[in-house]
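Visitor: Sequence plus the predicted model coming up.
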Amino acid sequence: MQLPLWTAAPFVLLLLAVALCEVLAANWWGRLANKALVAAALAVPAAVQLLTVAGGLHALAHSLAEYASFLSLLAALFVIAGGIHLRGSLAGTPLSNAGLLAVGAVLANVIGTTGAAMLLIRPFLRANARRRHRTHLVVFFILIVANAGGLLTPIGDPPLYLGFLKGVPFDWTFRLWAPWLFVNGTLILLFNLVDQFLVNREERRDRVVGLMDELFEHEPLAVAGRRNLLFLALLVLVLLSKGVIAWPYGVPEVALLAIAYASYRLTPREVHDANHFTFGPILSVAIIFAAVFVTMTQPLLILNARAEQIGLDQPWQYFWVTGALSSTLDNAPTYLAFTSVAAGQLGISVDDPHYLTALISTATGNDLLYAIACGAVMMGSLTYIGNGPNLMVKEVAEHRGVSMPHFFAYAFLAMLIMLPVLAATTFLFFPP
């Protein structure tokens with residue numbers, strides 16, 4: 001489908017609205033009704049424009065179907081994780097914090113980046129409640145637990161799950177262990193250095209003698225809401241079943257929402273209260289990403305139509321271009337866009353729902369998918385809208401009193417930390 005470049009304007013305006021409203025009108029933007037107003041004002045014209053062109057209805061329906069699948073998974077993980085409460089407190093020392101991030105990087109591959117982020121962000125913040133400076137804790141948490149940690153399994157991050165549904169074997173992602181270990185290990189090391197520096201500065205500036213002793217204080221841990229572990233297992237089974245059973249569209253999504261509803265109804269209120277659980281973060285994500293999925297339809301169609309003009313042929317190029325667009329277009333549809341470009345360049349038809357099986361059967365295609373997967377997962381952390389859990393973590397942190405950077409400031413901090421790591425990743429794993 002050939003679309004003029006101006007049809008991407010609603011998407012560009014949406015990105016600007018999300019970024020500028022946080023900076024210029026934070027209180028106004030904090031209301032869900034106002035977010036919905038802005039989202040509708042940009043998404044509706046984009047949808048109407050699609051309906052006026054041949055094939056536009058099909059493209060719009062496809063985007064909405066992907067949004068429903070995307071949101072049902074995020075919502076289910078959000079609700080289930082909100083029903084599990086780690087009682088007691090962890091130590092808030094730099095070493096303990098780094099250890100929790102490492103646990104999160106592993107756990108993200110078992111219950112997804114959304115599940116791991118929602119399960120660990122509250123005890124992580126609680127352990128560091130005595131700290132004056134906590135913003136860096138959440139930034140690194142987003143980089144590791146909500147993004148780069150989920151690189152090893154299809155459950156880990158939405159792009160890899162979409163790849164699994166398109167024919168990538170479940171164990172194929174295990175071969176991404178080397179970049180996973182390098183990126184997460186480097187980020188955890190950097191975090192530990194930054195966190196230790198800030199602890200030492202707090203002690204000097206505030207003359208707080210024994211701050212480290214206070215941070216070492218913790219209460220024995222206990223898990224409340226353990227029945228949600230069963231719901232989590234059911235969710236994983238539903239996800240895995242989509243790869244082996246040709247469910248009619250909507251059945252898995254309804255199953256995920258039913259699991260979420262059962263979790264919410266059967267979780268004792270005191271567990272939700274202990275987690276300060278509200279639907280605010282997931283509603284905010286639902287509103288913003290509804291507009292993202294609608295308005296990004298035109299940019300993705302333009303990208304696919306002009307694939308030959310892009311001039312990509314090396315893994316490192318796919319790594320960076322996929323990653324750059326993942327940070328703004330959301331990493332799941334961007335992953336599909338560039339796997340279709342890679343397949344087209346190798347003469348593989350994307351009409352087959354499992355076209356990625358053919359792509360990885362060739363050495364070149366395997367290398368390209370390797371780079372696309374790493375770029376989509378790792379660079380989804382560069383903005384708040386690059387991956388669904390990012391906004392949810394931000395919302396939870398702000399609800400707990402952490403001052404989070406606005407859209408541009410966060411993007412600057414994330415790039416400042418990630419770009420040197422990504423550059424090293426390129427030369428180690430995707431040398432030009």
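Guide: All right, it came through fine.

Visitor: Show me where the stretch 251-400 of the chain has its helices.
Guide: Using DSSP state H, counting those that start in this stretch, the helices assigned to the stretch 251-400 of the chain run over residues 251-266, 269-274, 280-295, 297-305, 307-310, 315-329, 331-345, 355-359, 363-378, 388-399.

Visitor: List the buried residues in the fourth one.
Guide: Across helix 297-305, burial judged by 16 or more other CB atoms under 10 Å covers 297-304. Quick note: C-beta positions are derived from backbone N, CA and C, even for glycine.

Visitor: mind giving me a markdown table with those and columns for pLDDT and distance to Val285?
Guide: Shown next, in a markdown table, are the buried residues of helix 297-305 (pLDDT from 0 to 100; distance: CB to CB, whole Å):
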| residue | pLDDT | distance to Val285 |
| --- | --- | --- |
| Thr297 | 85 | 19 |
| Gln298 | 87 | 22 |
| Pro299 | 83 | 20 |
| Leu300 | 76 | 20 |
| Leu301 | 79 | 24 |
| Ile302 | 80 | 26 |
| Leu303 | 73 | 24 |
| Asn304 | 68 | 26 |
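
Visitor: ok, those residues vs Ala411, which is closest?
Guide: Minimum distance to Ala411 across these is 18.5 Å, recorded for Pro299 (CB to CB).

Visitor: Give me the secondary structure label for the nearest residue to that closest one once chain neighbours are set aside.
Guide: Sequence neighbours aside, Ala8 is the residue nearest to Pro299 in space, at 4.6 Å (criterion: CB to CB, 6 or more residues apart in numbering). Three-state call for Ala8 (DSSP: H, G, I helix; E, B strand; the rest coil): helix.

Visitor: OK, contacts around the spatially most central residue of the chain?
Guide: Taking CA atoms, centre = their mean, the centroid of the chain lies closest to Asn387, which sits 2.9 Å from it. Residues in contact with Asn387 (CB atoms under 8 Å, 6 or more residues apart in numbering) are 113, 146-147, 157-158, 326, 330-331, 380-381.

Visitor: And the helices of the stretch 251-400 of the chain: which comes nearest Leu100?
Guide: helix 388-399 (13.9 Å).

Visitor: Could you list every helix and strand in contact with the closest one?
Guide: With contacts defined as 3 or more CB pairs under 8 Å, 6 or more residues apart in numbering; DSSP states H and E, helix 388-399 has these neighbours: helix 56-82, helix 94-127, helix 135-144, helix 280-295.

Visitor: go again using 10 Å as the cut-off
Guide: The contact analysis (3 or more CB pairs under 10 Å, 6 or more residues apart in numbering; DSSP states H and E) places helix 388-399 against helix 56-82, helix 94-127, helix 135-144, helix 280-295, helix 407-429.

Visitor: Of all those, which one comes closest to Leu20?
Guide: Between Leu20 and these, the shortest separation by CB to CB is 7.9 Å, and it involves helix 407-429.

Visitor: report the angle between the axes of that closest one and helix 363-378?
Guide: 150 degrees (axes from the mean of the first three to the mean of the last three CA atoms, to 10 degrees).

Visitor: Let me see the mean pLDDT of helix 407-429.
Guide: For helix 407-429, the mean pLDDT works out to 95.

Visitor: so what does it touch, helix or strand wise?
Guide: helix 9-24, helix 135-144, helix 177-206, helix 315-329, helix 363-378, helix 388-399.

Visitor: Quick one: the helices and strands packed on helix 388-399 as CSV, columns for distance to Leu369 and mean neighbour count too.
Guide: Below are the helices and strands packed on helix 388-399 laid out as CSV (distance: least, CB to CB, whole Å; neighbours: other CB atoms under 10 Å):
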stretch, distance to Leu369, mean neighbour count
helix 56-82, 19, 21
helix 94-127, 18, 23
helix 135-144, 23, 24
helix 280-295, 23, 22
helix 407-429, 13, 16
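
Visitor: out of those, which comes closest to Leu181?
Guide: Nearest to Leu181 among the helices and strands packed on helix 388-399 is helix 94-127 (9.4 Å), distances taken as CB to CB.

Visitor: if we can go back for a sec, what's around the residue nearest to Pro299, how many residues?
Guide: Ala8: 20 surrounding residues under other CB atoms under 10 Å.

Visitor: show me the residues around it that make contact.
Guide: Contact partners of Ala8, counting by CB atoms under 10 Å, 6 or more residues apart in numbering, are 46, 295-303.

Visitor: same thing but 8 Å
Guide: 298-299, 302.

Visitor: Okay, now the unreliable bits of this protein?
Guide: Counting by pLDDT under 70, the chain contains low-confidence residues at 1, 88-89, 91, 204-221, 243, 304, 307-308, 350-353.

Visitor: How about Leu187, nearest residue that isn't a chain neighbour?
Guide: Excluding its sequence neighbours, the residue lying closest to Leu187 (CB to CB, 6+ apart) is Ile144, at 5.3 Å.

Visitor: mind checking how far the one you found is from Phe182?
Guide: 13 Å (CB to CB, to the nearest Å).

Visitor: With just CA atoms, put stretch 60-76 into PDB.
Guide: The C-alpha trace of stretch 60-76 is given here as PDB (Å, rounded to 0.1, in the frame of the first residue of the first chain):
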ATOM      1  CA  LEU A  60      -6.700  -0.900  10.700                       C
ATOM      2  CA  ALA A  61      -8.400  -4.100  11.800                       C
ATOM      3  CA  HIS A  62      -5.000  -5.900  12.000                       C
ATOM      4  CA  SER A  63      -3.600  -3.100  14.200                       C
ATOM      5  CA  LEU A  64      -6.600  -3.200  16.500                       C
ATOM      6  CA  ALA A  65      -6.300  -7.000  16.800                       C
ATOM      7  CA  GLU A  66      -2.600  -6.700  17.700                       C
ATOM      8  CA  TYR A  67      -3.600  -4.100  20.300                       C
ATOM      9  CA  ALA A  68      -6.200  -6.400  21.800                       C
ATOM     10  CA  SER A  69      -3.600  -9.200  22.100                       C
ATOM     11  CA  PHE A  70      -1.000  -6.800  23.500                       C
ATOM     12  CA  LEU A  71      -3.300  -5.300  26.100                       C
ATOM     13  CA  SER A  72      -4.900  -8.500  27.200                       C
ATOM     14  CA  LEU A  73      -1.400  -9.900  28.000                       C
ATOM     15  CA  LEU A  74      -0.200  -6.700  29.800                       C
ATOM     16  CA  ALA A  75      -3.400  -6.400  31.800                       C
ATOM     17  CA  ALA A  76      -3.400 -10.000  32.900                       C
END
